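**Student:** Using only what follows, build the 3D model:
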Amino acid sequence: MVKNHITGFTVSTVFHLSIAMVFLSTSIKIPVPVAPQATTLKLSVFKTSAPKMPKATPQTVQPQPVARQAPVKKPQLKPTPKHQKKVHQKKKHPSVKPVKTKTTEVEEIITEPVQATPQPTPRQPAPIKAAPPPVASAPPVTAPASIDPQYKAQLQAAIERNKNYPRRAQRQRQQGTVVVSFTVLRNGDIERLHVLESSGYPRLDKAALKAVGTIAGKFPLPDSLMAPSWNFKIPIRYRL
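**Tutor:** Below you'll find the model as predicted:
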């Protein structure tokens, strides 16, 4: 009995549950998931028109008032009085009757010229000769001082040491002798340096002048020489 009662209870519960399930399924609708629909966007390209600039309103230029000029009064011309022509009446001179004069003959008197006696001319005094100015006594002539030969030899030796033979002149086989003239002052400076006799080649002449210029100020005049300066003429030879 108990088993029958249990089975009946279970059958009834199952039956009731199934009925409830059917009821619930019909009454409650479970929403079915719907796939989202893709929305298509249409992009349209619009032509952008340039912004319209406001039209410039033409400015009316008002004409400036023209200043009225006062009328210029024309000066009235005074009529010039007409000059009346003065009529000069010619005075009538009384007619003069010619007077007849009696002509008398005059005898011509011829006079001979009287020769004047010549007067003696006074003699002019002879010009007085001016006395000649006194002749100044000439200063005593002193014999020229002589240069020390040793000093001259030192100058010439120094010039030879500083002499340069241009290479281009050597290649062209140029040679000759240049006579150079110069003046040595008391302190050894050199003035009036020039070529007295050329070698015939400008390069050699220029080299000789340069050699003399290198000794300027190095060889003052000796004290025994009283002269303030001394002239020298030194030959400079260029030989291959």
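**Student:** So what's the residue count around the nearest residue to residue 219 once chain neighbours are set aside?
**Tutor:** The shortest distance from residue 219 to any residue other than its chain neighbours is 5.2 Å, reached at residue 188 (CB to CB, 6 or more residues apart in numbering). The C-beta positions use only the backbone N, C-alpha and C, and glycine is treated the same way. Counted with other CB atoms under 10 Å, the neighbours of residue 188 add up to 13.
**Student:** Kindly report the same for the one 4 residues further on.
**Tutor:** Residue crowding around residue 192 was assessed by other CB under 10 Å; the count is 9.
**Student:** What's the separation between it and residue 233?
**Tutor:** Taking CB to CB, to the nearest Å as the measure, residue 192 falls 12 Å from residue 233.
**Student:** Specify the local secondary structure of the residue nearest to residue 219.
**Tutor:** State at residue 188, reduced to three classes by DSSP: H, G, I helix; E, B strand; the rest coil: coil.
**Student:** now do residue 211
**Tutor:** Assignment for residue 211 (three-state DSSP): helix.
**Student:** residues in contact with it?
**Tutor:** The neighbourhood of residue 211, defined by CB atoms under 8 Å, 6 or more residues apart in numbering, consists of 159, 160, 162, 163, 164, 236.
**Student:** Can you flag the buried ones in those residues?
**Tutor:** Neighbour counting by 16 or more other CB atoms under 10 Å classes 159, 163, 236 among these as buried.
**Student:** Now do the same contact list for residue 236.
**Tutor:** 159, 160, 163, 177, 178, 179, 180, 208, 211, 212.
**Student:** Remind me which helix or strand the nearest residue to residue 195 once chain neighbours are set aside belongs to.
**Tutor:** Across the structure, with CB to CB, 6+ apart as the measure, the residue nearest residue 195 apart from its sequence neighbours is residue 205 (5.0 Å). Secondary-structure element containing residue 205, defined by DSSP states H and E: helix 202-213.
**Student:** Can you point out the buried residues in that helix?
**Tutor:** 203, 204, 205, 207, 208, 211, 212.
**Student:** And the next helix or strand past that helix?
**Tutor:** Downstream of helix 202-213, the next assigned helix or strand under DSSP H and E is strand 229-238.
**Student:** what pairs with that next one, and is each one parallel or antiparallel?
**Tutor:** Next to strand 229-238 in the sheet, as set by DSSP bridges, lie strand 176-185 (antiparallel).
**Student:** Pull out the buried residues from the strand it pairs with.
**Tutor:** Buried residues in strand 176-185, defined by neighbour count with 16+ other CB under 10 Å: 176, 178, 180, 182, 184.
**Student:** Mind giving me the packing neighbours of the strand or helix carrying residue 153?
**Tutor:** Residue 153 is part of helix 149-162 when elements are defined by DSSP H and E. Here helix 149-162 is seen to pack against helix 202-213, strand 229-238 when contacts are counted using 3 or more CB pairs under 8 Å, 6 or more residues apart in numbering; DSSP states H and E.
**Student:** Turn the ones you listed into JSON lines, columns for distance to residue 171.
**Tutor:** Below are the helices and strands packed on helix 149-162 laid out as JSON lines (distance: least, CB to CB, whole Å):
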{"stretch": "helix 202-213", "distance to residue 171": "11"}
{"stretch": "strand 229-238", "distance to residue 171": "13"}
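**Student:** will you turn the ones you listed into JSON lines that also has mean pLDDT and distance to residue 149?
**Tutor:** Output for the helices and strands packed on helix 149-162, formatted as JSON lines (pLDDT from 0 to 100; distance: least, CB to CB, whole Å):
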{"stretch": "helix 202-213", "mean pLDDT": "94", "distance to residue 149": "19"}
{"stretch": "strand 229-238", "mean pLDDT": "93", "distance to residue 149": "12"}
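**Student:** Ok, which of the ones you listed comes nearest residue 11?
**Tutor:** Ranking the helices and strands packed on helix 149-162 by distance to residue 11, with CB to CB as the measure, places helix 202-213 first at 152.2 Å.
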